[in-house]
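Engineer: after the sequence you'll find the predicted model.
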Amino acid sequence: MKALRKIFGSAIMAGSFALVSLGLNTPAAAEELGALQEKGVIRIAMSGAYPPFNFVNEQNEVVGFDPAIGTEIAKRMGLEVEIITTAWDGILGGLLANKYDAIVGSMSITDERKEVVDFVGPYYRMSRGIFVKEGGDIASMDSLAGAKVGVTLGETHEQWAREQAGWNVRTYKGLPELLLELDSGRIDAIVTDDIPVLLAIQKNGNAITQLDTTGLAGVADQAGIAIRQGSPELAAAMQAALDAMQADGTYVAIAEKWVGGDIR
């Protein structure tokens, strides 16, 4: 496949609102690279509910594309990695509260988020998808007026969906729940990144189809690694590690293992 296509509390949807307008400001931080090198560990966060990018397997391990990328970056920086899972709608708040050092969890880079965090990357391209059950009454976006549309709480897709006239938006914890709700008929459509859903359809044979979003503004997005502001040396070291793994083929090998192809 080629180019396939989560501060505080539930009141702030990560990346969905203008954070500065909500008064969310962070104090100036000291450079963090030296402290991490002294500890020898970098803590990275993700939801753990976004297969195949990050999820908990049968051995209760957090695996997927995101933890593999984060682990490889840490390795190239001479660090061990500690993976922390947390609810997506509060994940930026946890970063700002120093509960972890970076978010490697398929976070869209947005201007609102850049007001409070710095980004390394991007490290893959994502695209918004709208999915419905096959054989249903919804065949286009025009049919979604009055429909029950599911989104993950705190994703950029939530705010986008709420801006669409007439949609009845419902929020859920993550992709597995979205797919179950759609399959059961409790919601009529879901809005999320398209790669995970397309792979779920391929793997599980879900009777789900994707609506045509050709020409729809705001569909393409990019995922970045979020860190606290004020650490340019840390950002540069992480970016250098990411660039090196893209140059030597390690990135593509990880992407092929977890996603099925290069998604830059």
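Structural biologist: In hand now; what should we look at?
Engineer: mind giving me the packing neighbours of the lowest-mean-pLDDT helix or strand in the chain?
Structural biologist: Taking mean pLDDT, DSSP states H and E as the measure, the chain has helix 194-204 as its least confident helix or strand, at a mean of 87. When contacts are defined as 3 or more Cβ pairs under 8 Å, 6 or more residues apart in numbering; DSSP states H and E, helix 194-204 sits against strand 117-133, helix 175-184, strand 208-210. Every residue, glycine included, has its C-beta placed from N, CA and C.
Engineer: starting from the last one, tell me which strands it pairs with and how they run.
Structural biologist: Strand 208-210 has these partner strands in its sheet, going by DSSP bridges: strand 117-133 (antiparallel).
Engineer: how far away from the center of its chain is the partner strand?
Structural biologist: For strand 117-133, the separation from the chain centroid amounts to 6 Å (computed by Cα atoms, centre = their mean, to the nearest Å).
Engineer: report the buried residues of the least confident helix or strand of the chain.
Structural biologist: 194-201 (16 or more other Cβ atoms under 10 Å).
Engineer: tell me the angle of that helix relative to helix 175-184?
Structural biologist: With axes from the mean of the first three to the mean of the last three Cα atoms, to 10 degrees applied, the angle from helix 194-204 to helix 175-184 works out at 60 degrees.
Engineer: which residues touch helix 194-204?
Structural biologist: Residues outside helix 194-204 that contact it (Cβ atoms under 8 Å, 6 or more residues apart in numbering) are 4-5, 50-53, 126-129, 131, 175, 179, 190, 206, 208, 210, 259-260, 263.
Engineer: just to revisit the earlier point, mean neighbour count for the helices and strands packed on helix 194-204 - can I get that in a markdown table?
Structural biologist: Converted to a markdown table, the helices and strands packed on helix 194-204 look like this (neighbours: other Cβ atoms under 10 Å):
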| stretch | mean neighbour count |
| --- | --- |
| strand 117-133 | 21 |
| helix 175-184 | 18 |
| strand 208-210 | 16 |
